[in-house]
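Engineer: got a sequence here, can you build the structure:
(one chain, ligands or ions: 1)
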Amino acid sequence: MSDALLLKPTIWQEHVFTGQWVAGSGNVLPVTAPASGETLGHIGSTTSEQLDAVADKSHEAAIAWGDTSYDERAAIMRQAARTAEEHQDELIHWLIDESGSTPAKAAFEVAISIKVLHEAASLPSRAAGELMPSTPGRLNIARRRPVGVVGVISPFNFPLYLAIRAVAPALALGNAVILKPDPRTSVCGGVSIARLFEMAGLPKGVLAMLPGGGEAGAALVENRNVAMIQFTGSTAAGRKIGETAGRLLKKVSLELGGKNSLIILDDADLDLAISNATWGAYLHQGQICMSSGRILVQRDIYDRFLERLTEKARSLSVGDPRSGEFALGPLIDKGQLDHACDLLSRAKASGGNVLVGGETDGLFFKPAVVSDVTTDNPIFHEEAFAPIAVVIPFDTDAEAVALANNTEYGLSAGVISRDAGRALRLGEQLRTGLLHINDQTVNDEVINPFGGVGASGNGTSVGGSSNIDEFTQWQWLTLKGEAPAYPL
Ligand code: NAD
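Structural biologist: All right, here's what the predicted structure looks like:
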């Protein structure tokens, strides 16, 4: 393999990144292609002793990095973007191999990750603060300061994007970062980011990348040098992290799960409605926090919609994305597959009618359509994270609102109608952090604040200017020509 490769295996085999590539102190973890089960290599993992030593160094590095000029930090972001552009084919290749992405999904993920880096380059010069009025002779300033060491814990589904969307702005704003990627996607979601910043000339120690599982994530949250955690993953893990962060009084940003409604009104163009539902429910095998987990269809068009969606699901090809153009690739692992099968059989046992799909072959799961789902069916409430379209009829707009809001989650919603005013009136009654009128639920543009309400998050957002709120903290600074005399 050529030295010019970004992700050359000899660089990361059995290693972790601490500013340099060193042996991990924990067990090596297999790097696996979910489509074939092939082992692509082994990566290092960390023990808490190694993490503690790394975090001590990160703490020191954060002080020096926070003092660098905004130009210097912006230049590193621009260089990382150029490096990613030069190596995009390799990044796409690894997303396909290691995360089971289709080539189109992988290419989209790399493109928005490069956009993250370009956007991050604008942050250092924008995160200044404000000048406030004060008594005569006193300068009164609120200024943005880095938080310190930020721990980023990321998931497997959009492994590159969901990690870099936090790592890049945190670094740009003067923080050091320790990234713990999901162990199933350590190369495309961890090594890739470490290498981009290493090649861009980021000072050693400002970024570390330590693969590992839930325990490694929990140790990162507990570490005394880590001032803030940015977590993207399940609500169950997010709750534990939030509890620990509360006890330790750490700043925490939680981007969690969803059960998102796509609402199709009776005046919708049926072709477009089917196209939106197919994309929202099946993109990346339904393994997206914003997937359209419930498709609510107005009664007048319900039967036709079901018939068309069933036909569409049956026509979607499923296969190894490394060996051809398929609409869907594999699920990430057996745990995810078992969860999907179990949820589908519980849905049936509760009266759901599986019109198509649900057959499995290895980690491949045929896209399913389920009708006759009532609000007491587990598939109405539980996140599937699999290609299962749950289609539910409603009669009135008010009923659609009640069904969509009948969830602990509140991430995304979509409403499709030829009458944008009606769709907006309905949409405004939905409790979600993201709302799309005349679009399905899976959307992200990098420059938008992204975050959910309820069990989908803790009120924080990442993306766009909300990154400045997340990855800095205020300092109130006053300055007088000389100290005043006080009357006491
Ligand atoms: P997960 O919570 O099991 O894992 C996510 C990450 O957290 C991994 O790196 C994992 O190793 C780590 N982790 C697990 N338990 C931990 C703990 N106790 N302490 C610290 N770290 C821990 O999530 P998953 O099931 O692999 O991913 C899918 C979930 O992520 C879905 O619920 C999905 O909706 C959610 N998600 C949310 C967003 C968002 O932006 N809101 C984006 C993608 C995925």
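Engineer: list the residues that contact Met219.
Structural biologist: Slight slip there: residue 219 is Ala, not Met. Ala219 is in contact with 48, 51, counting by C-beta atoms under 8 Å, 6 or more residues apart in numbering. Using the backbone N, CA and C atoms, a C-beta is placed for each residue, glycine as well.
Engineer: likewise Ala23?
Structural biologist: 14-16, 44.
Engineer: what residues does the stretch 301-450 of the chain have near the ligand?
Structural biologist: For the stretch 301-450 of the chain, the residues found near the ligand under the criterion C-beta under 6 Å from any ligand atom are 383, 385, 411.
Engineer: ok, now the stretch 101-250 of the chain?
Structural biologist: Residues of the stretch 101-250 of the chain lying near the ligand (C-beta under 6 Å from any ligand atom): 153-157, 162, 180, 182, 213-214, 217-218, 221, 232-234, 237, 240-241.
Engineer: Ile241: which element?
Structural biologist: Under the criterion of DSSP states H and E, Ile241 resides in helix 235-248.
Engineer: elements contacting that helix?
Structural biologist: helix 214-222, strand 226-232, strand 251-255 (3 or more C-beta pairs under 8 Å, 6 or more residues apart in numbering; DSSP states H and E).
Engineer: and stretch 434-451, which residues are buried?
Structural biologist: 434-442, 444, 446, 449-451 (16 or more other C-beta atoms under 10 Å).
Engineer: then stretch 204-214?
Structural biologist: Counting neighbours by 16+ other C-beta under 10 Å, one finds that the buried residues in stretch 204-214 are 205-212.
Engineer: any idea which of the residues you listed is closest to the ligand?
Structural biologist: Nearest to the ligand among the buried residues of stretch 204-214, counting by C-beta to the nearest ligand atom, is Gly212 at 7.0 Å.
Engineer: give me the nearest residue to that closest one, chain neighbours excluded.
Structural biologist: Ser45 (4.5 Å; C-beta to C-beta, 6 or more residues apart in numbering).
Engineer: looking at the helices and strands packed on helix 235-248, which is nearest to Arg322?
Structural biologist: strand 226-232 (26.0 Å; C-beta to C-beta).
Engineer: can you give the distance of that closest one from its chain's centre?
Structural biologist: Per C-alpha atoms, centre = their mean, to the nearest Å, the displacement of strand 226-232 from the mean C-alpha position of its chain is 14 Å.
Engineer: export only the CA atoms of that strand, formatted as CSV.
Structural biologist: Taking Å, rounded to 0.1, in the frame of the first residue of the first chain, the C-alpha atoms of strand 226-232 are listed here in CSV:
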residue,chain,number,x,y,z
VAL,A,226,-12.4,16.2,30.8
ALA,A,227,-14.4,19.4,31.2
MET,A,228,-17.2,18.6,28.8
ILE,A,229,-18.8,15.6,27.0
GLN,A,230,-20.4,15.8,23.6
PHE,A,231,-22.3,12.5,23.1
THR,A,232,-24.3,11.2,20.1
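Engineer: which residues does the spatially most central residue of the chain contact?
Structural biologist: Note on the chain: the residue nearest the mean C-alpha position is Leu162, at 3.6 Å, using C-alpha atoms, centre = their mean. Neighbour list for Leu162: 154-155, 189, 232, 255 [criterion: C-beta under 8 Å, 6+ apart].
Engineer: now, the most widely separated pair of these?
Structural biologist: The most widely separated members of the contacts of Leu162, counting by C-beta to C-beta, are Gly189 and Glu255 (14.7 Å).
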